[in-house]
Structure formats: structure tokens, C-alpha cells
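Got a sequence here, can you model it:
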Amino acid sequence: MIGMIITGHAHFGTGMKSALTLLAGELNAIEAIDFEEGCTKTLLEAKIDEKCTKLLEVCDGVLIFCDLLGGTPFQCAALYARGRKDVKVLAGTNLGMLSEANLTRQFIADLDELAKSIETIGKDSVLYFQSKTEGN
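Numbering: from 1, shown residues only. From the prediction side, this is the model:
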């Protein structure tokens with residue numbers, strides 16, 4: 001199975017994990033890392049290393065979900081994953097991506113395949129809703 005880490009600014013990581021727990025019930029091999037005010041980039045890098053190391057003891061790979069492309073959590077995750085085949089990073093995370101990843105990671109063992117699949121889900125789950133008004 002592929003492990004998951006959810007990270008982002010403020011309480012994004014723990015908040016999204018909480019929302020995923022509400023949808024899916026008990027979660028296995030999923031960690032959250034919050035990048036809160038006062039947390040340094042060095043400390044965040046250490047937390048990512050610690051959580052990845054823990055997950056890789058029991059998982060075949062780790063997919064790190066970040067809130068913003070280019071943000072500090074993404075930069076730290078990308079730096080950690082650089083040159084590694086067992087850790088991949090996605091940015092722009094939404095709850096649909098996390099829910100789908102939680103379900104499919106049990107069946108898709110290839111980390112690249114899973115990451116690409118979840119990237120597509122993320123893009124497809126964003127919608128600008130426009131209601132039709134009278135006269136249209």
C-alpha cells in the first residue's frame with residue numbers, strides 16, 4: 001500500500017485529514033503535517049523526513065499532498081522527493097483527491113500511476129457552477 005502525507009499552511013494538513021476521516025472512517029498510513037506560524041523551513045523539512053521514514057517502514061511508497069504549488073510545504077516536500085522513486089508530491093490538494101487516493105492506493109501499487117491518476121481527479125473535481133437565470 002502507498003502511504004500518504006497531507007501538508008500545508010496553518011492547519012491544512014490536520015483539517016483535511018479530519019475531513020477525510022469523516023468521509024472514510026478510520027485511516028491507515030496517513031499522516032498530517034501542519035506548517036504553522038513560527039515553524040521554520042528547517043523544522044518542516046525534519047517533520048517531512050520523520051513522517052516519510054515512518055511510513056516507508058510499512059508502505060511501498062509515499063504520496064505527499066500539498067496545499068499550494070510553490071508554497072513552503074510544497075518546496076520542502078519537493079526537495080525531499082527529489083531523485084527518489086519512493087516519494088512523489090502533488091500540489092493543489094482538494095478533498096476529492098484525498099478521498100480517491102485513500103480508496104485507490106490499495107489497488108494501484110505503482111506510485112507514478114497513482115500520482116497521475118489523482119492529479120487528473122483533482123483537475124476534474126474543480127467546477128465553476130453557474131445557475132441558469134430566468135430569461136437565459
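
quick one: the strands in the protein?
For the chain, the strands defined by DSSP state E cover 2-9, 30-35, 61-66, 87-91.

of all those, which lies closest to residue 41?
Proximity to residue 41, assessed across these by C-beta to C-beta, is greatest for strand 30-35 (9.0 Å). Using the backbone N, CA and C atoms, a C-beta is placed for each residue, glycine as well.

Please list the outside residues in contact with that closest one.
With C-beta atoms under 8 Å, 6 or more residues apart in numbering as the test, strand 30-35 has contacts from 3-14, 16-17, 20, 44, 47-48, 51, 54-55, 72-73, 102.

circling back: can you list the strands of the chain in TSV and add mean neighbour count?
Putting the strands of the chain into TSV (neighbours: other C-beta atoms under 10 Å) gives the following:
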stretch	mean neighbour count
strand 2-9	25
strand 30-35	22
strand 61-66	27
strand 87-91	22
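
Run a quick neighbour tally on residue 60.
Using other C-beta atoms under 10 Å, residue 60 has 14 other residues around it.

do the same with residue 71
What residue 71 shows, counting by other C-beta under 10 Å, is a neighbour count of 17.

on that earlier part again, quick one: closest of the strands of the chain to residue 126.
strand 87-91 (13.5 Å).

what's the closest of the strands of the chain to residue 108?
Closest approach to residue 108 among those is made by strand 2-9 (7.6 Å; C-beta to C-beta).

one step back: how about TSV for the strands of the chain, with distance to residue 114 and mean pLDDT added?
Output for the strands of the chain, formatted as TSV (distance: least, C-beta to C-beta, whole Å; pLDDT from 0 to 100):
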stretch	distance to residue 114	mean pLDDT
strand 2-9	6	98
strand 30-35	14	99
strand 61-66	6	99
strand 87-91	8	99
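
Let's have those strands in JSON lines, adding distance to residue 81.
Formatted as JSON lines, the strands of the chain follow (distance: least, C-beta to C-beta, whole Å):
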{"stretch": "strand 2-9", "distance to residue 81": "11"}
{"stretch": "strand 30-35", "distance to residue 81": "14"}
{"stretch": "strand 61-66", "distance to residue 81": "7"}
{"stretch": "strand 87-91", "distance to residue 81": "4"}
